[in-house]
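Undergrad: Prediction below, plus the sequence it came from.
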Amino acid sequence: MTKLQVAIDLLKTEDAIALATKVAPYIDIIELGTPLIKSEGLSAITAMKEAFPDKKVFADFKTADTGSLEAEMAFKAGADYVTILGSIDDATIIGAVEAAKKYDRAVVVDTIGVKDRVKRAQEVSKLGVEFVELHAGLDEQSKPGYSIDVLIDEASKAGVPVSIAGGVNKNSIAKVKASGAVVAVAGGAIYGAEDPAAAAKELKEALS
Ligand SMILES: O=C([C@H](O)CO)[C@H](O)[C@H](O)COP(=O)(O)O
C-alpha cells in the first residue's frame, strides 16, 4: 500500500507540531521540510520524534556533501529517514547509507534537479537507499506548464521503490497510487488546506 507522507514546510517547530497533531491519524511519515530544519535546527527533529514516537520522522536535509556526517546528525537527533541529493557523487550517498546501517535508519535520495530521474533512481537504488524521491521542488512547480504527470509516468517506469513529491493533491492522488509509488508526499495540499485533517484524511482514504 502507498504510504502517506506530510511535508511540513512551515518555519516554526510549534506550528509544525500543531499541524502534525491534527493530521497524525492519517499520516505514516512526518517530514520536516528543509526550510523548517534551516529555521529551527536539529532540535525540531528531536521535538517531532518526542511528540510522535510511533511515526516515522523524515528529515529533508537535501545533503550535498559529508553524507556520513550529516546523516549521523539527523539520526542522532531522532530522524528515521534523511534525504541526500541524487545529483551529487555516489560517495556522499554511500557515506549516508553507512551511517544509516549503524543507526538502523534509512536514506532517501532526492532527485530534485536531476535531469534523468528514472536512470538516477535505478543507479542509486543499488547503493542501499530505502527509496528514491521523484521530486519537482516548489520553484519547479511554479514554472508554467508544470504537471505532476511527468513524475507519475516516471514512477511507473522506474522499477525501483520511489516516492512522488511535487504537488500531490486530491486530484492526482489516485494516479500516484496507480503508479506503484511506495510513498505519496503531500505538502501544500495538507498544510495549506483550510482543514488540514480533512485534507489528510481524504488523501489517506484515496490510498487505501
Ligand atoms: O521538499 C519540498 C520542497 O523542496 C521544499 O522543502 C516539498 O516539501 C515537496 O515538494 C512537497 O511539497 P508539495 O509540493 O507542496 O506537496
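TA: Cool, got the structure. Just so we're clear, the structure is a prediction, and the values are computed from it rather than from any experiment.
Undergrad: Mind naming the longest strand for the chain?
TA: strand 56-63 (DSSP state E).
Undergrad: gap between that one and the chain center?
TA: The chain centroid and the centroid of strand 56-63 are separated by 7 Å under Cα atoms, centre = their mean, to the nearest Å.
Undergrad: what pLDDT does Pro196 get?
TA: pLDDT recorded at Pro196 is 98.
Undergrad: which residues touch the following helix or strand past the longest strand of the chain?
TA: Moving toward the C-terminus from strand 56-63, the next helix or strand (DSSP states H and E) is helix 67-77. For helix 67-77, the external contacting residues (Cβ atoms under 8 Å, 6 or more residues apart in numbering) are 42-43, 45-46, 49, 59, 61, 63, 82, 84, 91-100, 102-103, 105, 107. C-betas here are computed from N, CA, C, even on glycine.
Undergrad: Please say whether there is contact between the one helix or strand Ala155 maps to and the ligand.
TA: Using DSSP H and E, Ala155 sits in helix 149-158. No - Helix 149-158 does not reach the ligand (Cβ under 6 Å from any ligand atom); its nearest approach is 10.3 Å.
Undergrad: So in the chain, where's the weakest helix or strand by average pLDDT?
TA: Taking mean pLDDT, DSSP states H and E as the measure, the helix or strand of the chain with the lowest value is helix 138-141, at a mean of 95.
Undergrad: Now do the buried residues in that one.
TA: Leu138 (16 or more other Cβ atoms under 10 Å).
Undergrad: Just the CA trace of that helix, in PDB.
TA: The C-alpha trace of helix 138-141 is given here as PDB (Å, rounded to 0.1, in the frame of the first residue of the first chain):
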ATOM      1  CA  LEU A 138       8.300  24.200  -5.200                       C
ATOM      2  CA  ASP A 139      10.200  26.500  -7.600                       C
ATOM      3  CA  GLU A 140      10.000  24.000 -10.500                       C
ATOM      4  CA  GLN A 141       6.300  23.600  -9.800                       C
END
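Undergrad: Check the spacing between Ala136 and the ligand real quick.
TA: 7 Å (Cβ to the nearest ligand atom, to the nearest Å).
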